[in-house]
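Novice: Need coordinates for the below:
(3 chains, ligands or ions: 3)
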Amino acid sequence: MATETADDVLSVHDLKSYFFSREGTLRAIDGLSFNLKAGKVLGIAGESGCGKSVTAQSILRILPRHGKTVSGQVLLTRDGKVTDLLALGEESSEIRRIRGKEIAMIFQEPMTSFSPVHTIGDQIIETIRLHRGLSKAQARASAIEILESVGMPHPSRTIDEYPFNLSGGMRQRAMIAMALSCNPRVLIADEPTTAVDVTIQAQVLELIRQMQAQLGMAVIMITHDLGVIAELADHVLIMYLGRGVEFGSVEQIFHNPKHPYTRGLLASIPKLQKGHTLVEPIKGAVPNPYDAPAGCPFHPRCPQFMQGTCEVTMPQVVEVEPGHWVACHLYGGEDQR
Amino acid sequence: MSLQTTLRKINDFPADLIQRRRDKRRKRLIDEKGKQLLVASQWQLIRWKFARHKLAMASLFLLGIMYLAAIFAEFVSPYDPRSFREQYAMAPPQRIRFFDPHEGRFHLRPFVYSITRQLDPDTWQVTFEEDRTEKQFIRFFVRGSQYRLMNIPFLEGNLRLFGVEEGIISLLGNDTRGRDLFSRIVHGSRISLTVGLLGIAISFFVGVLIGGLSGYFGGLLDVIIQRVIEAIKAIPTIPLWMALSVALPIHWPLTRVYFFIVLILSIIGWTGVARVVRGKFLSLRTEDFVTAAELDGASTGRLIFRYMLPSFYSYVIARLTLEVPAMILGETALSFLGLGLQAPAISWGVMLKDAQHIRVLANAPWMLLPGLFVFIAILAFNFVGDGLRDAADPYSNI
Amino acid sequence: MLDFLMRRMLLMIPTLFIVSGISFFVIQAPPGDFVTAHVQRLEDRGQIVDREAIEAMRARYGLDQPAHVQYVRWIRSMFRGDLGMSFDWGAPVSRVIARRIPNSLIISLFSFLFVYAVAIPIGMLSATRQYSVADYFFTFVAFVGLGIPNFLFALVMLWVVYSMTGQVLIGLFSAEYVDAAWSWARFMDMLRHVWIPAIIVGTAGTAKIVRVMRASLLDELQKPYVMVARAKGLSRSHVNYKYPFRIAINPVVSTIGWTLPSLITGEMLVSLVLGLPTLAPIFLRALQMQDMYLAGGIVFVLTLLTLLGTLISDILLGWIDPRIRFSSM
Ligand SMILES: Nc1ncnc2c1ncn2[C@@H]1O[C@H](COP(=O)(O)OP(=O)(O)O)[C@@H](O)[C@H]1O
Ligand code: SF4
Ligand SMILES: [Mg+2]
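Specialist: Ligands and ions are numbered 1, 2, ... in the order given. So this is what the prediction gives:
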């Protein structure tokens, strides 16, 4: 989806990541493509379970053991040099130099994302020393500085706190500090506001926006809350059952949505009230990912379902206006697969 | 590419199968209605989950056979477990054969060779020789010596599951007095396999009672009970059991000793149950359905037995199953030391006591075989307990 | 931490009282008292019994008084380190116990080391290579270890060693050191013998700890912080070593509390089978002879040891796990 341009830092091509278990194969990501432009914010949205987190984990190659990225490309551009992350070994030193340094990630659960028996300082300093080759004392000073810049109160004291002694908001700040500690080119934020209080949510988003502007990094903002996307993103990718169904600029997606799924998502948030939870978004539920429907994966729930086409063939991705891509039979294009 | 195709081949079929099975389950669950059936479906869930645990299922089956054999011990065993046959003392286990190399032909009916006792005139060593010319075919449902099934007067008979017409059949060998080890092991299982069950039954009632009191009333009573539990848990089990079992008067009849041994073994078991029950009660007291029943004016007893207990007793039973091995072990150890049940009684521990001297072990190692049965029983209960716990754990998914 | 320690110690006091009560119950449980048993034995041997001496003895031990008075007496003297007299040995109980307890402790200590030194690495291996051949193999071995009672294991070993070498695997010392006083050479000699009983005693415990370690590590390995640490750029082995292993150890440390009593129990049975000069044979004899002050004293001392073990494991746990340390403040 979307054409490649010179200013892409990250481009993902036909990514497929599956989970293998006794119950069968779960195609969590099944042919996903998108680009991320340097210094811009890409929002990825979709109902829970559509594969957003797995996308992030596939990019960093940190899927759990029973998960495998079976095909695709993840191209990272650094100073004109392009590296395919999927071509690197999962445990190779190249990918380990990229993780945390070039691409950093913020996770959803600030409580369980820190080891409970180490101080947050310990865990931040570890990252800094790993990638920046500083001495212990220098790394500690740097960690305090970063904690300060993310607005952590009393950083020189909180650095020695254990995670369970911090509030949810403070933990998420520490998480952001850890992610930003090595000045990454790309920041992936996987639902950074889902697990914190409503009052903290705005602060966390504001912090990410600030830091993005300050450090000039590209951000992938993953969320199931379109309000967050509207506020923060430059571009938007809408995902459904492990595929991208629509991609475009934030104006295109919000003012001229094409895909029935996107329209459904937008319709389900009355007037984009912030912090509003979705009320019965779209009829039906996300199907069992073990056996995704044939044809268009959205067809069992689609109000514009076309008998004889939609359940038979997979819609091809077409560019409906410059930079605006949709995968739906309503907009022509057929016979992919 | 090839990886993908292989994986697809492996995975696609079972996924479909599992989906279909799931749908069936869901339908069954939906079909049932009413509160009473809600409990039933909880048990059904446990059954399904348990059935998936193959090792547990196999163990349950094995235990079933062992208990059946224990019930019909007189019928299953070819000989009276107490009859001395000095001429066959320390006879080794016989090999069961179908093929006679002597004749060079197969028999459909299994047989053993006759054995005769030989005395080495120099060393005074007793050995048993197989007489290759004399086959003894194993007959099923034969008439053997007279018995009374479980000592019930009107259940007299002499039908035995198997036997031979002449000489002896010794599947597992004979002991130092010529008693048939197989018959003794089968009879011994009556004691060895029931102490655990009776023990957890007692532990269950005592544990639920005391744990319930502790959790339901709380306060000082709770504090005292918790201290007592802690103290009991701190005492090493075997020494405590040993010390208590010597207090049993020697002249007591066997059944009374048996019952008290079970009581002694349960002294530790109930504490675990009490802890669980207390914890559950503490958390359940605040649950909606209990509050609702309370508001409805349900009595304390009714509240406990009708509403609170059913919500977790599957879990308690699963936990208790894991206590059975320790009790089997306890009985065996006590009898082995001569502190529990004594000689005319037959249990696996009593039998092992006969095997504790190195001279006996060296000449008749098969006398350790009761230990193998202890081992099997302990393992089987462990597996069943594991399976039950996984199945009854409300947090594990289907 | 200090606070935590204090609270922990205070909690032990009522426990100790209850334990002493149970131990005293053990002493009182057999019908009659030990003087009766003593007289019985003398008479059996055909000796003339001096009635007056007997009554004097009863009075001395307060046996003519009600049980609760005797209990208070017993407790009182216990504070002076006096656990009563052993009839059978004609010596104070404390001295009889003190003579044998080092051997018991050494076996238990060695099997304790064996249990954890073996179980932790195996548990780690099984969890990080879940469903591998090694995992299945060790799981199988662990189940065998779990199923075999250690006195039976001792019997089997006795037989195996005898039938292979003709040696009887009995005792803790070579012949020349059995009655010798403690010396470096005697200690070394014991080290040569102690490992067999230590392993036999430790097997069942090892099997249990392997399962605890495996389950707890499997649990930790799928926690989000593992993925976070990998996302930072740490290698998998570094992550495992620094985070999940470190945290999965905590439940294992808390098993020390129940491992100790089970090791002591196991040590007793194995000592009886292998004829080791520990507390076990004395205890059994005391029970058979109705030398109940000695028997009750041994129960009490063993319990004291377990309580001490639990205390140590709690302290260790508080030390390595900040969550516990802080929660008690
Ligand atoms: N560790 C895992 N093991 C098995 N399946 C997983 C795992 N993580 C995610 N999945 C499956 O992959 C799909 C996508 O999940 P995820 O990316 O977490 O969704 P979300 O969009 O909510 O982040 C879901 O169907 C989920 O069940
Ligand atoms: S392809 Fe058909 S079913 Fe799918 S979204 Fe478009 S109209 Fe709906
Ligand atoms: Mg997610």
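Novice: what helix or strand is residue B:267 on?
Specialist: Secondary structure from DSSP states H and E places residue B:267 in helix B:254-284.
Novice: What residues of that helix count as buried?
Specialist: In terms of neighbour count (16 or more other CB atoms under 10 Å in any protein chain shown), helix B:254-284 has its buried residues at B:257-258, B:260-262, B:264-278, B:280-281, B:284. C-betas here are computed from N, CA, C, even on glycine.
Novice: what about it, near chain C?
Specialist: No - looking at helix B:254-284 against chain C by CB under 8 Å from any CB of the partner chain, there are no contacts, and the closest approach is 9.5 Å.
Novice: I'd like the mean pLDDT over that helix, please.
Specialist: Per-residue pLDDT values over helix B:254-284 give a mean of 84.
Novice: same thing with stretch A:84-98?
Specialist: Confidence over stretch A:84-98, taken as the mean pLDDT, stands at 90.
Novice: close to chain B, is that stretch?
Specialist: No - for a cut-off given as CB under 8 Å from any CB, stretch A:84-98 has no contacts with chain B; the smallest distance is 14.1 Å.
Novice: List of residues touching that stretch?
Specialist: Taking contacts as CB atoms under 8 Å, 6 or more residues apart in numbering or on different chains, the residues outside stretch A:84-98 that touch it are A:59-61, A:69, A:72-76, A:83, A:131, C:233-236.
Novice: Now, of those, which are buried?
Specialist: The buried subset of the contacts of stretch A:84-98 - by 16+ other CB under 10 Å - is A:59-61, A:69, A:72, A:74-76, A:83, A:131, C:233-234, C:236.
Novice: what's the lowest-pLDDT member of these?
Specialist: Lowest pLDDT within the buried ones among the contacts of stretch A:84-98 is found at residue C:236 (87).
Novice: Number of residues surrounding the residue nearest to that one when sequence neighbours are not counted?
Specialist: Across the structure, with CB to CB, 6 or more residues apart in numbering or on different chains as the measure, the residue nearest residue C:236 apart from its sequence neighbours is residue A:91 (5.8 Å). Using other CB atoms under 10 Å in any protein chain shown, residue A:91 is surrounded by 12 other residues.
Novice: Same check on residue B:292?
Specialist: For residue B:292, which is what you asked about, the neighbour count (other CB under 10 Å) is 11.
Novice: And residue B:291, by the same measure?
Specialist: Applying the criterion other CB under 10 Å, we find 12 residues in the vicinity of residue B:291.
Novice: need the strands for the stretch 151-300 of chain B, in chain order.
Specialist: Residue ranges of the strands in the stretch 151-300 of chain B, as given by DSSP state E, counting those that start in this stretch, are B:156-164.
Novice: How much space separates whatever residue of it ends up closest to chain A from ligand 2?
Specialist: Ranked by CB to the nearest CB, the top residue of the stretch 151-300 of chain B for proximity to chain A is residue B:283, at 21.7 Å. In this structure, residue B:283 and ligand 2 are 47 Å apart, going by CB to the nearest ligand atom, to the nearest Å.
Novice: swap in residue C:208?
Specialist: With CB to the nearest ligand atom as the criterion, residue C:208 and ligand 2 are 55 Å apart.
Novice: for residue C:13, same thing?
Specialist: In this structure, residue C:13 lies at 72 Å from ligand 2, with CB to the nearest ligand atom as the measure.
Novice: Would you mind pointing out the helix or strand that residue falls in?
Specialist: When elements are assigned from DSSP H and E, residue C:13 belongs to helix C:2-28.
Novice: and if you look at residue B:132?
Specialist: Element membership for residue B:132, per DSSP H and E: strand B:126-148.
Novice: Nice, that's everything, thank you.
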